[in-house]
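Trainee: fold the following.
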Amino acid sequence: MFTTDKRRRFLHRTQSLKLQHLRDAVQQNQVTGYPPFVEEFERDFARYVGCRHGVTFCNGTSTLEAALFALGVGEGDEVLVPAYTFHASIDPILNAGARPVYLDIDRRTQTLDPSEIDRRRTPATRAILVVHMMGNPAPMDAIMARATGLGVVEDCSHAHGATWGGRKVGSFGQVGCFSLQGSKPVSAGEGGIAVTDREDLWRRLNLFGHFGRGADGAAADPYAPLAKTGMGFKRRANPLGLCMARVDLQFLDEVNAALTELTGRLAEIVAPIPWLTPVASWPEARKGGFFYGMPVRIERDHPRAMTRDALLQALTARGLEAKSYPYHAYHRMPHMVDGAVRRRLLYPGRPLAEPAAEPVPLPDLPHTDEAQAQTLFLSLEAFADDGWVKRWARGLPECCG
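Mentor: Below you'll find the model as predicted:
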């Protein structure tokens, strides 16, 4: 737990280091391209996760696009993905010309249900995109056992420093993708980084979003013609943002440890309330990143249960910050299920060269629907002191009667 003094010292130390790195970069005119500290950050982040290579991008969405490209996902392929996620996990699939096949989640942990892989997989399935939602690791052993023959991309945008069986998430699949957006514990303001153990995938990741990286131009290099141009996309990160991210990486374990302790104390406050259940983690999982707060599920069948909106209003009235599920039911949106519907929206009035087909049916995902409707997120303060905990200890039981 952070005391007020420790919080002040922590902020002073991290902010001072960020300002020093920014000052050095500006004074040396290292504000674009690939200054040495960019490649150092890529290397250090990859090593932290447990991979050989890292490639930075302008945002986390671009890392997912690059990962699908690196694995050869394209027109006509299917990609398995949970619907309980942010749309940035889904758009890259559709934009690659592939079809997202939505998977339901485990009710207790709100992570991907591995049995869904066998149920939804078809001969057209090329890859699976695993999401470690809100920093809670998905059951990677079971997923990898069922994903034999598929490309595996891990979306770790919420899960910096999280582990499964002592191993960092992002190191299980062929590519691990992380957001470095401003609300994340390792932040470049805007940015992202993809990690991989495979040199061939590292080269393709670079070709997707960078100029002059990933191909050496040698005659034996199959990518030699792309040595100067890459794919033509310029998705590189701003070096000034990475000046800040490198400091956050240095202190990530300390912040995660503080948030782990804080969620434990908050769980003790929630425990006596019979119709509120903290979203669980698998025994092998250790959360990291803690994006968006501590999720609790409202057991709506309990006779004393409040509605989500009523509880949210009561907490707000007592100065306790909580939020409802921030995303949408993408599996209920035809344009997020069927690429043909999406293209007609994007190019209205334009004849599309595609055969007439029956609309793709909307999937039935009961646990996803429940989680989106009945989950409340109790906001966490990474530097909270005992006074913050006492306010929750007093206010939450008052709200819940």
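
Trainee: so, low pLDDT: which residues of the protein?
Mentor: 1-4, 215-220, 352-357 (pLDDT under 70).

Trainee: I'd like the next helix or strand past the longest strand anywhere in it.
Mentor: The longest strand of the chain (DSSP state E) is strand 125-131. Once strand 125-131 ends, the next helix or strand along the chain (criterion: DSSP states H and E) is helix 140-146.

Trainee: show me what that next one is packed up against.
Mentor: helix 115-120, strand 125-131 (3 or more Cβ pairs under 8 Å, 6 or more residues apart in numbering; DSSP states H and E). C-beta here means a position set from N, CA and C on the backbone, and glycine is covered the same way.

Trainee: contacting residues around the shortest one?
Mentor: Among residues not part of helix 115-120, those counted as contacts by Cβ atoms under 8 Å, 6 or more residues apart in numbering are 80, 101-104, 128, 143, 146-147.

Trainee: okay, those residues in JSON lines with distance to Arg332 and neighbour count next?
Mentor: As requested, the contacts of helix 115-120 are exported to JSON lines (distance: Cβ to Cβ, whole Å; neighbours: other Cβ atoms under 10 Å):
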{"residue": "Leu80", "distance to Arg332": "18", "neighbour count": "26"}
{"residue": "Val101", "distance to Arg332": "15", "neighbour count": "21"}
{"residue": "Tyr102", "distance to Arg332": "10", "neighbour count": "23"}
{"residue": "Leu103", "distance to Arg332": "15", "neighbour count": "27"}
{"residue": "Asp104", "distance to Arg332": "13", "neighbour count": "23"}
{"residue": "Ile128", "distance to Arg332": "21", "neighbour count": "27"}
{"residue": "Ile143", "distance to Arg332": "25", "neighbour count": "24"}
{"residue": "Arg146", "distance to Arg332": "26", "neighbour count": "16"}
{"residue": "Ala147", "distance to Arg332": "26", "neighbour count": "21"}
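
Trainee: now Gly173: how far from Leu129?
Mentor: Counting by Cβ to Cβ, to the nearest Å, the separation of Gly173 from Leu129 is 9 Å.

Trainee: tell me the residues that contact both of those two, please.
Mentor: Counting by Cβ under 8 Å, 6+ apart, the residues touching both Gly173 and Leu129 are Val153.

Trainee: wait, which of the contacts of helix 115-120 is closest to Pro36?
Mentor: Ranked by distance to Pro36 (Cβ to Cβ), the contacts of helix 115-120 are led by Ile128 at 36.0 Å.

Trainee: okay, and the beta partners of the spatially closest residue to the closest one that is not a sequence neighbour?
Mentor: Residue nearest to Ile128 in three dimensions, not counting chain neighbours: Leu80, with 4.1 Å by Cβ to Cβ, 6 or more residues apart in numbering. Beta-bridge partners recorded for Leu80 (DSSP bridges): Val101, Ile128.

Trainee: ok, Leu80 to Arg126 distance?
Mentor: With Cβ to Cβ as the criterion, Leu80 and Arg126 are 9 Å apart.
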